[in-house]
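Novice: Build me a model:
(one chain, ligands or ions: 1)
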Amino acid sequence: MKAVSEPVITLKNFFERAREGQLTGIRCTACGEIAIPPKEFCPACGKRAWAPVPLSGEGTIDSFTVIRVAPRSFAGDAPYAIAHVRLVEGPGLLGRVLDVPLDRLSVGLRVTFRPLIASEQTSVGFVPA
Ligand SMILES: [Zn+2]
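Specialist: Numbering: from 1, shown residues only. Here you go, the predicted model:
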């Protein structure tokens, strides 16, 4: 069975924009819920009526964990912190915390998005706001 439709913004688009420093969300045009792509259906109302929306990239740390034994490609960076950040627009996402000493990390810390670029790979990073 073929996919019914393409998502409004694919994960590839998301990371292309992230690489340029722009965090992009999707807003449900039916109920206004904002989510992080990709999502098939709105978790709030169950519809599929997304429109892309630029996000400020600002938020606060919800929870975090310190990675001491990293995947091989990041082994040289360990230990480092991965946080779940609640964005001011509502949705949350995981990202690597940069420029914060591990012993200064705390829930509620205000951070802002910064792309983490390693050659062809872009991932989500956060720095102190
Ligand atoms: Zn909705």
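Novice: leaving aside the residues next to it on the chain, what's closest to the most centrally placed residue in the chain?
Specialist: Computing the C-alpha centroid of the chain and ranking residues by C-alpha atoms, centre = their mean puts residue 93 first, at 4.0 Å. The spatially closest residue to residue 93, leaving aside those adjacent along the chain, is residue 36, at 4.9 Å (C-beta to C-beta, 6 or more residues apart in numbering). In this view, the C-beta of every residue, glycine as well, is placed from N, C-alpha and C.
Novice: And for that neighbour, the neighbour number?
Specialist: 21 (other C-beta atoms under 10 Å).
Novice: got the contact list for it?
Specialist: By C-beta atoms under 8 Å, 6 or more residues apart in numbering, the residues touching residue 36 are 14, 25, 26, 91, 92, 93.
Novice: Helices - which of the residues you listed land there?
Specialist: Counted as lying in helices by DSSP state H, out of those, are residue 14.
Novice: The ion: which of the contacts of residue 36 is nearest?
Specialist: Distance to the ion, by C-beta to the ion, is smallest for residue 26 among the contacts of residue 36, at 10.1 Å.
Novice: Excluding chain neighbours, what is closest to the closest one?
Specialist: In space, and not counting its chain neighbours, residue 26 is closest to residue 50: 4.0 Å by C-beta to C-beta, 6+ apart.
Novice: my read: that neighbour touches residue 42, true?
Specialist: Yes - counting by C-beta atoms under 8 Å, residue 50 touches residue 42, with 7.5 Å between them.
Novice: Thanks a lot, see you next time.
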